[in-house]
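**Q** fold the following for me, if possible:
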Amino acid sequence: MGYSLTVECSLQNTQTAVHAALCDSIDTPTVIRELLDLVNRANVYLSAQSSPYVPLLENIAQYITKMFKASGGKSF
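**A** Coordinates of the predicted model:
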């Protein structure tokens, strides 16, 4: 579960960075960069684990969906 903790910290760090970017005159490039980095980390985690911790991946997916909905993007 060690790598799960690293990915969980990545989620928390991304949430903090995105919040700061949104408070900084809505710094969209930084928000997108942070979200893409989180998706990349989640994909690496998923590829490396034979039994990934699904609730963690669900939390990441829900956060990304929430950010797209907040920006007016469509969810699938």
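
**Q** host element of residue 31?
**A** Assignment of secondary structure by DSSP states H and E places residue 31 within helix 28-48.

**Q** can you list contacts of the helix or strand just after that helix?
**A** Taking DSSP H and E as the definition, the helix or strand that follows helix 28-48 towards the C-terminus is helix 54-70. Residues external to helix 54-70 that are found in contact with it (Cβ atoms under 8 Å, 6 or more residues apart in numbering): 4, 7-8, 11, 14-15, 18, 31, 35, 38-39, 42, 45-46, 74-75. All C-beta atoms are positioned from the backbone trio N, CA, C, and that covers glycine.

**Q** how near is residue 29 to residue 36?
**A** Residue 29 is 11 Å from residue 36, where distance means Cβ to Cβ, to the nearest Å.

**Q** just the buried residues out of the contacts of helix 54-70, in PyMOL syntax.
**A** In PyMOL, the members of the contacts of helix 54-70 classed as buried (16 or more other Cβ atoms under 10 Å) are selected with the following command:
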select buried, resi 7+8+11+14+18+31+35+38+42+45
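
**Q** tell me which two of the contacts of helix 54-70 sit farthest apart.
**A** Greatest spacing in the contacts of helix 54-70, by Cβ to Cβ: 4 and 74 (29.8 Å).

**Q** tell me what the helix holding residue 31 is packed against?
**A** Helices and strands in packing contact with helix 28-48 are listed as helix 2-23, helix 54-70; criterion 3 or more Cβ pairs under 8 Å, 6 or more residues apart in numbering; DSSP states H and E.
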